[in-house]
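> Predicted structure and sequence below. I'll ask about it afterward.
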Amino acid sequence: MAADHHDRDSFGTDRDQDGNDGDPRYRDEVFARRVSAGKRTYFFDVKTTRSGDDFFITITESKRIDEHRYEKHKIFLYKEDFGKFVAAMHEVIRHVKDELLPDYDFRGLPDIPPADDTEESRHDGDRL
(Lines give C-alpha, C1' and ligand atoms only; values in the text may rest on other atoms or scores of the structure.)
Protein backbone atom coordinates (compact mmCIF):
# COMPACT_ATOMS: atom_id res chain seq x y z
CA MET A 1 0.00 0.00 0.00
CA ALA A 2 1.18 3.51 -0.70
CA ALA A 3 1.92 5.65 2.34
CA ASP A 4 -0.93 8.05 1.56
CA HIS A 5 -3.49 5.31 0.90
CA HIS A 6 -6.69 5.43 2.97
CA ASP A 7 -9.32 2.75 3.36
CA ARG A 8 -12.59 2.47 5.20
CA ASP A 9 -12.91 -0.07 7.98
CA SER A 10 -16.09 -2.12 8.47
CA PHE A 11 -17.54 0.71 10.56
CA GLY A 12 -17.21 3.10 7.61
CA THR A 13 -14.36 5.01 9.22
CA ASP A 14 -11.49 6.24 7.07
CA ARG A 15 -8.35 4.46 8.18
CA ASP A 16 -4.87 4.92 6.74
CA GLN A 17 -2.28 2.16 6.43
CA ASP A 18 -0.95 2.96 9.91
CA GLY A 19 -4.32 2.38 11.54
CA ASN A 20 -5.11 6.03 12.21
CA ASP A 21 -8.81 6.66 11.98
CA GLY A 22 -8.98 10.41 12.58
CA ASP A 23 -11.60 10.00 15.32
CA PRO A 24 -11.41 13.14 17.53
CA ARG A 25 -12.14 11.03 20.64
CA TYR A 26 -8.67 9.56 20.31
CA ARG A 27 -5.96 11.91 21.43
CA ASP A 28 -2.57 12.70 20.00
CA GLU A 29 -0.43 9.67 19.32
CA VAL A 30 2.99 9.96 20.96
CA PHE A 31 4.41 6.50 20.20
CA ALA A 32 3.32 3.67 17.91
CA ARG A 33 4.25 0.18 16.78
CA ARG A 34 2.70 -1.74 13.91
CA VAL A 35 2.77 -5.56 13.71
CA SER A 36 1.82 -7.15 10.39
CA ALA A 37 0.46 -10.68 10.80
CA GLY A 38 -0.96 -12.07 7.55
CA LYS A 39 -4.47 -10.72 6.96
CA ARG A 40 -4.34 -8.94 10.29
CA THR A 41 -2.38 -5.93 11.44
CA TYR A 42 -2.01 -4.94 15.08
CA PHE A 43 -1.41 -1.36 16.13
CA PHE A 44 0.00 -0.47 19.56
CA ASP A 45 -0.39 3.26 20.17
CA VAL A 46 0.40 5.49 23.14
CA LYS A 47 -1.96 8.45 23.20
CA THR A 48 -2.49 11.46 25.44
CA THR A 49 -5.61 11.92 27.52
CA ARG A 50 -7.94 14.85 26.81
CA SER A 51 -6.18 16.91 29.46
CA GLY A 52 -2.80 16.13 27.89
CA ASP A 53 -1.45 15.29 31.35
CA ASP A 54 -1.59 11.49 31.12
CA PHE A 55 -1.29 8.63 28.67
CA PHE A 56 -3.06 5.42 27.72
CA ILE A 57 -2.50 2.62 25.21
CA THR A 58 -4.79 1.49 22.44
CA ILE A 59 -4.34 -1.93 20.91
CA THR A 60 -6.12 -2.26 17.59
CA GLU A 61 -6.60 -5.38 15.51
CA SER A 62 -7.36 -4.51 11.89
CA LYS A 63 -8.42 -7.33 9.57
CA ARG A 64 -8.91 -6.90 5.84
CA ILE A 65 -12.44 -7.98 4.90
CA ASP A 66 -12.11 -7.23 1.21
CA GLU A 67 -10.21 -4.86 -1.05
CA HIS A 68 -11.75 -1.73 0.46
CA ARG A 69 -13.00 -2.71 3.92
CA TYR A 70 -11.39 -3.49 7.26
CA GLU A 71 -12.87 -4.85 10.46
CA LYS A 72 -11.29 -3.45 13.58
CA HIS A 73 -11.37 -4.17 17.28
CA LYS A 74 -9.85 -1.78 19.78
CA ILE A 75 -8.81 -2.16 23.42
CA PHE A 76 -8.11 0.85 25.61
CA LEU A 77 -5.57 0.11 28.30
CA TYR A 78 -5.02 2.55 31.16
CA LYS A 79 -1.83 2.82 33.23
CA GLU A 80 -3.42 1.42 36.39
CA ASP A 81 -4.14 -1.81 34.49
CA PHE A 82 -0.78 -2.27 32.70
CA GLY A 83 0.61 -4.71 35.28
CA LYS A 84 -2.51 -6.89 35.43
CA PHE A 85 -2.76 -6.95 31.64
CA VAL A 86 0.88 -7.90 31.06
CA ALA A 87 0.80 -10.51 33.85
CA ALA A 88 -2.33 -12.14 32.38
CA MET A 89 -0.84 -12.05 28.87
CA HIS A 90 2.33 -13.74 30.13
CA GLU A 91 0.28 -16.33 32.00
CA VAL A 92 -1.84 -17.36 29.01
CA ILE A 93 1.13 -17.39 26.61
CA ARG A 94 3.12 -19.47 29.09
CA HIS A 95 0.19 -21.92 29.35
CA VAL A 96 -0.12 -22.31 25.57
CA LYS A 97 3.65 -22.62 25.17
CA ASP A 98 4.29 -25.02 28.07
CA GLU A 99 1.06 -27.02 28.36
CA LEU A 100 -0.75 -26.98 25.02
CA LEU A 101 1.97 -26.67 22.37
CA PRO A 102 5.27 -27.65 24.00
CA ASP A 103 6.76 -28.86 20.69
CA TYR A 104 5.91 -25.75 18.66
CA ASP A 105 8.76 -23.42 17.72
CA PHE A 106 7.56 -20.00 18.94
CA ARG A 107 9.96 -17.93 16.82
CA GLY A 108 10.31 -14.33 17.84
CA LEU A 109 8.70 -14.86 21.24
CA PRO A 110 10.73 -12.99 23.86
CA ASP A 111 11.59 -14.66 27.14
CA ILE A 112 8.59 -14.59 29.45
CA PRO A 113 9.41 -14.37 33.15
CA PRO A 114 8.44 -17.38 35.26
CA ALA A 115 5.04 -17.32 36.91
CA ASP A 116 4.72 -15.36 40.13
CA ASP A 117 2.55 -17.57 42.31
CA THR A 118 1.25 -14.75 44.48
CA GLU A 119 -2.43 -14.08 45.00
CA GLU A 120 -2.14 -10.94 42.80
CA SER A 121 -0.95 -12.94 39.78
CA ARG A 122 -3.93 -15.31 40.04
CA HIS A 123 -6.35 -12.36 40.22
CA ASP A 124 -9.23 -13.65 38.06
CA GLY A 125 -7.85 -16.82 36.52
CA ASP A 126 -10.77 -18.87 37.78
CA ARG A 127 -13.38 -16.81 35.90
CA LEU A 128 -12.82 -18.61 32.62
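Great, that's in hand.
> Which stretches in the chain count as strands?
In the chain, the segments counted as strands under DSSP state E are 6-9, 14-16, 29-37, 40-48, 55-66, 69-78.
> So which bits of the last one are buried?
Judged by neighbour count (16 or more other CB atoms under 10 Å), strand 69-78 contains these buried residues: 70, 72, 77. For glycine as for every other residue, the C-beta is placed from the backbone atoms N, C-alpha and C.
> Can you tell me which of those residues is closest to residue 31?
The nearest member of those to residue 31, counting by CB to CB, is residue 77 at 13.4 Å.
> List the residues that contact the closest one.
By CB atoms under 8 Å, 6 or more residues apart in numbering, the contact set of residue 77 is 56-59, 85.
> Of all pairs in these, which one is the farthest apart?
58 and 85 (12.6 Å).
> Which one's more surrounded, those two?
residue 58 (18 against 14; other CB atoms under 10 Å).
> Quick check: nearest residue in space to the more buried one, chain neighbours excluded?
residue 45 (4.8 Å; CB to CB, 6 or more residues apart in numbering).
> thinking the one you found is in contact with residue 56, fair?
No. Using CB atoms under 8 Å, residue 45 is not in contact with residue 56; the gap is 9.2 Å.
> returning to that earlier point: list just the one of the strands of the chain that sits closest to residue 104.
Here strand 29-37 is closest among the strands of the chain (CB to CB), at 16.2 Å.
> Could you list the buried residues of that closest one?
Within strand 29-37, no residue is scored as buried using 16+ other CB under 10 Å.
> what angle separates it from strand 40-48?
170 degrees (axes from the mean of the first three to the mean of the last three CA atoms, to 10 degrees).
> hey, what's the residue nearest to residue 58 bridged with?
Beta-bridge partners for residue 45, by DSSP bridges, are residue 32, residue 58.
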